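*Asks:* sequence unknown, structure follows:
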């Protein structure tokens with residue numbers, strides 16, 4: 001590979017010759033992508049069309065569903081094309097574009113989950129002051145920040161990686177990964193590493209610390225509050241916690257696989273688990289919230305009844 005990524009390409013080394021099975025994989029992933037698009041679009045439409053759902057919690061959910069569409073679209077079309085292709089190469093500009101999309105998806109996901117936990121904290125700990133503290137203006141500001149600052153942070157990461165001089169072009173993944181690109185560098189990566197640590201704090205650990213603090217306050221109120229308060233906390237916080245744990249599980253395995261030698265794990269299993277955090281979260285969230293939150297579930301039933 002040349003000393004600059006301009007005009008060059010990367011080889012995705014995790015793909016293997018699956019023969020006629022590639023058409024089966026293609027059909028499975030196409031069905032999964034279609035299902036993800038349909039579910040998330042349905043819930044976005046339901047929330048936007050029903051004025052009764054124009055509350056902060058549902059507006060934050062709408063932002064979450066939009067991000068699921070964004071993240072899955074950053075992966076699935078590319079993945080489907082690569083499955084049918086016999087040559088698994090990708091141009092450097094497109095590779096960095098995919099890195100930006102997938103990393104910003106992760107950052108926005110954590111930011112959305114953080115503001116949702118803050119919203120539940122206000123609703124449970126300050127129910128009488130909730131409407132004055134969580135105004136429509138504040139909701140718009142929080143959603144805007146949850147999208148803007150991750151994009152800025154990830155843009156810096158992608159920009160630094162794209163300017164590196166590389167001594168190789170093989171990425172052992174089925175999609176483009178920033179850490180894999182940095183490992184190919186034959187120039188100094190100190191700035192990349194320092195910026196990466198700072199970016200990780202702002203887009204991962206910062207939101208997780210906020211979520212932890214809000215849930216500590218919610219638990220404190222639940223233990224000292226009434227049975228009704230505990231029931232409200234359980235009904236509204238359970239989907240959020242399940243979504244958070246599901247996403248953290250997938251992201252943790254991806255980090256472990258990138259940083260450590262996972263050759264003891266079967267190759268196909270490594271591929272499936274590396275895709276888990278992008279494929280299952282967009283599928284898991286709409287199913288979880290659509291079935292668990294009664295308002296959304298009832299409005300979905302009404303929408304289908306009206307169509308019939």
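*Replies:* Alright, I've got the coordinates. What you see is a predicted model; the values in this text were computed from it and never measured.
*Asks:* which residue ranges of this protein form strands?
*Replies:* Along the chain, counting by DSSP state E, strands occupy 9-12, 89-91, 170-171.
*Asks:* which regions of the stretch 1-150 of the chain sit below the pLDDT cut-off?
*Replies:* Low-confidence segments of the stretch 1-150 of the chain (pLDDT under 70): 1-7.
*Asks:* show me where the stretch 151-300 of the chain has helices.
*Replies:* Here the stretch 151-300 of the chain has its helices, by DSSP state H, counting those that start in this stretch, at 178-183, 190-200, 206-224, 227-259, 267-292, 294-307.
*Asks:* so which elements touch the first one?
*Replies:* In terms of contacts (3 or more Cβ pairs under 8 Å, 6 or more residues apart in numbering; DSSP states H and E), helix 178-183 is packed against helix 92-125, helix 136-162, helix 190-200, helix 227-259. The way it works is simple: take the backbone N, C-alpha and C, and place the C-beta from them, glycine included.
*Asks:* closest to residue 59 out of those?
*Replies:* Comparing those against residue 59 with Cβ to Cβ, the closest turns out to be helix 136-162 (5.5 Å).
*Asks:* so who does residue 147 touch?
*Replies:* By Cβ atoms under 8 Å, 6 or more residues apart in numbering, the residues touching residue 147 are 63, 108, 111.
*Asks:* what about the nearest residue to residue 16 once chain neighbours are set aside, how many residues nearby?
*Replies:* Distance criterion Cβ to Cβ, 6 or more residues apart in numbering; nearest residue to residue 16, sequence neighbours excluded, is residue 267 at 7.1 Å. Residue 267 is flanked by 11 other residues according to other Cβ atoms under 10 Å.
*Asks:* mind checking how far residue 267 is from residue 92?
*Replies:* Per Cβ to Cβ, to the nearest Å, residue 267 is found 26 Å from residue 92.
*Asks:* now swap in residue 289 and tell me
*Replies:* 38 Å.
*Asks:* not counting its neighbours along the chain, what's nearest the most centrally placed residue in the chain?
*Replies:* Nearest to the mean C-alpha position of the chain, by Cα atoms, centre = their mean, lies residue 106 at 3.9 Å. Using Cβ to Cβ, 6+ apart and skipping the chain neighbours, the partner closest in space to residue 106 is residue 251 (6.6 Å).
*Asks:* likewise residue 115?
*Replies:* Residue 115's closest residue in space is residue 142 (Cβ to Cβ, 6+ apart), at 4.7 Å.
*Asks:* contact partners for the one you found?
*Replies:* Taking Cβ under 8 Å, 6+ apart as the test, what residue 142 contacts is 60, 115, 118.
*Asks:* ok, residue 160 next?
*Replies:* Per Cβ under 8 Å, 6+ apart, neighbours of residue 160: 191, 192, 195.
*Asks:* that older thread, deepest in the core, which of the strands of the chain is it.
*Replies:* Among the strands of the chain, the stretch with the highest mean neighbour count (mean count of other Cβ atoms under 10 Å) is strand 9-12, at a mean of 19.
*Asks:* figure out how far that one is from the centre of its chain.
*Replies:* 24 Å (Cα atoms, centre = their mean, to the nearest Å).
*Asks:* same check, this time on stretch 184-203
*Replies:* Worked out by Cα atoms, centre = their mean, stretch 184-203 lies 21 Å from the chain centre.
*Asks:* buried set for it?
*Replies:* Under the neighbour-count criterion of 16 or more other Cβ atoms under 10 Å, stretch 184-203 has 184, 185, 189, 192, 195, 196, 199, 202, 203 buried.
*Asks:* related to what we said a few turns ago, a markdown table for the contacts of residue 160, including pLDDT?
*Replies:* A markdown table is the format used below for these (pLDDT from 0 to 100):
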| residue | pLDDT |
| --- | --- |
| 191 | 92 |
| 192 | 91 |
| 195 | 94 |
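*Asks:* in stretch 36-51, what counts as buried?
*Replies:* Residues of stretch 36-51 classed as buried: 36, 37, 39, 40, 42, 43, 44, 46, 47, 50 (neighbour count, 16+ other Cβ under 10 Å).
*Asks:* my guess is the second one meets residue 72, correct?
*Replies:* Yes: using Cβ atoms under 8 Å, residue 37 and residue 72 qualify as a contacting pair, with a distance of 7.4 Å.
*Asks:* quick one: pLDDT of the nearest residue to residue 118 once chain neighbours are set aside?
*Replies:* Closest residue to residue 118 apart from its sequence neighbours, by Cβ to Cβ, 6+ apart: residue 214 at 5.7 Å. pLDDT, residue 214: 92.
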